[in-house]
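Engineer: kindly generate the corresponding structure for this input.
(one chain, ligands or ions: 3)
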Amino acid sequence: MLEPTLDPRRIPAHIAIIMDGNGRWAASRGLPRAEGHRAGVRAARRVLEACRDLGVRTLTLYAFSTENWRRPADEVEALMHLLAASMRDEARDLIEGGVRLRISGELGGLDPALRAQIEQVVALTAANDALVLNVACNYGGRAELTAAARGIAVDVRAGRLTPETITEATVAERLYTAGLSDPDLLIRTGGERRVSNFLLWQIAYTELYFSDVHWPDYERAHLVEAVADYQRRRRRFGGVEEG
Ligand code: IPE
Ligand code: IPE
Ligand code: MG
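Structural biologist: Ligands and ions are numbered 1, 2, ... in the order given. As a prediction, the model looks like this:
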């Protein structure tokens, strides 16, 4: 079901979201931060559903950054538990809903059991094609670009690549997001106006949208408003006005 306010021909193919504000949402209710993260998972489910209804092809969700390890151990643990629980609880819905799970980030940095669980859901949903759910987990844009640079250096040293033949595609195909289109729309909730090391390469021409709503309060209507705002913009990619 498409919203009457939206132009079905201009639905962003790829939406990326920095899901921020869980801690403040919890604090404003006198709840522990982990409760905010739990409510955040419910919001993620709503938004995934809404994206599928709207015809969005790829949804990237920033779940855990390489810098989030700096948080208190109990909060990191709560987040990892939630991730594991989500893999367990959502797998069936993802499979039946035609959603393909991808991960952007360094899975090697996670607990091996959690990693195995994630990889299992990735494998189980590999043939799905209604929507790609790309979860950025243990993700950092600088770490991603550093790893790509290292991979290119290794290939040059081994003679598989020469400096002259390195192109933008050489870099892009070494990123976690290889094969995915760049985000058309990046939404950050929670009121901050920054990108916090998210998709630094990929958002070169992405439209940015900031919402003051704390992530656990994010509803379908907020997403529809963000897409409506996107549809009022004119993207030029450095060129001149289309049409
Ligand atoms: C975003 O909410 C969730 C993660 C970073 C995992 P926060 O936990 O950053 O919430 P605030 O910004 O402290 O309110
Ligand atoms: C960005 O939010 C990371 C995720 C949403 C996973 P943060 O709350 O970690 O970002 P900063 O610290 O406010 O920049
Ligand atoms: Mg935050």
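
Engineer: quick one: secondary structure of the residue of the chain most remote from its centre?
Structural biologist: Residue farthest from the centre of the chain, counting by CA atoms, centre = their mean, is G159 at 34.4 Å. Following DSSP: H, G, I helix; E, B strand; the rest coil, we place G159 in the coil state.

Engineer: ranges for the strands of this structure?
Structural biologist: 14-18, 58-65, 99-104, 131-139, 185-188, 207-210 (DSSP state E).

Engineer: sheet-wise, list the partners of the fourth one with their directions.
Structural biologist: Strand 131-139 has the following strand partners under DSSP bridges: strand 58-65 (parallel), strand 99-104 (parallel).

Engineer: quick one: the lengthiest helix in the chain to strand 99-104, angle?
Structural biologist: Ranked by residue count and defined by DSSP state H, the top helix of the chain is helix 73-96. Counting by axes from the mean of the first three to the mean of the last three CA atoms, to 10 degrees, helix 73-96 points 140 degrees away from the direction of strand 99-104.

Engineer: ok, and what's touching helix 73-96?
Structural biologist: Here helix 73-96 makes contact (CB atoms under 8 Å, 6 or more residues apart in numbering) with 33-34, 37-38, 41, 45, 63-64, 68-69, 71, 99-101, 110-111, 113-114, 117-118, 120-121, 124-125, 128, 133, 137. Backbone N, C-alpha and C define where each C-beta goes, glycine included.

Engineer: what's near enough to touch the closest residue to ligand 1 within the chain?
Structural biologist: Going by CB to the nearest ligand atom, ligand 1 is nearest to G23 of the chain, at 2.7 Å. Taking CB under 8 Å, 6+ apart as the contact definition, G23 lies against 33, 36.

Engineer: would TSV of the strands paired with strand 131-139 with mean neighbour count and distance to ligand 2 be doable?
Structural biologist: As requested, the strands paired with strand 131-139 are exported to TSV (neighbours: other CB atoms under 10 Å; distance: least, CB to the nearest ligand atom, whole Å):
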stretch	mean neighbour count	distance to ligand 2
strand 58-65	22	4
strand 99-104	22	12
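
Engineer: okay, the ones you listed in JSON lines with mean pLDDT next?
Structural biologist: Listed next are the strands paired with strand 131-139 as JSON lines, based on pLDDT from 0 to 100:
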{"stretch": "strand 58-65", "mean pLDDT": "98"}
{"stretch": "strand 99-104", "mean pLDDT": "98"}
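
Engineer: now tabulate the strands of the chain in JSON lines and tack on distance to D89.
Structural biologist: Below are those laid out as JSON lines (distance: least, CB to CB, whole Å):
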{"stretch": "strand 14-18", "distance to D89": "20"}
{"stretch": "strand 58-65", "distance to D89": "15"}
{"stretch": "strand 99-104", "distance to D89": "13"}
{"stretch": "strand 131-139", "distance to D89": "14"}
{"stretch": "strand 185-188", "distance to D89": "24"}
{"stretch": "strand 207-210", "distance to D89": "29"}
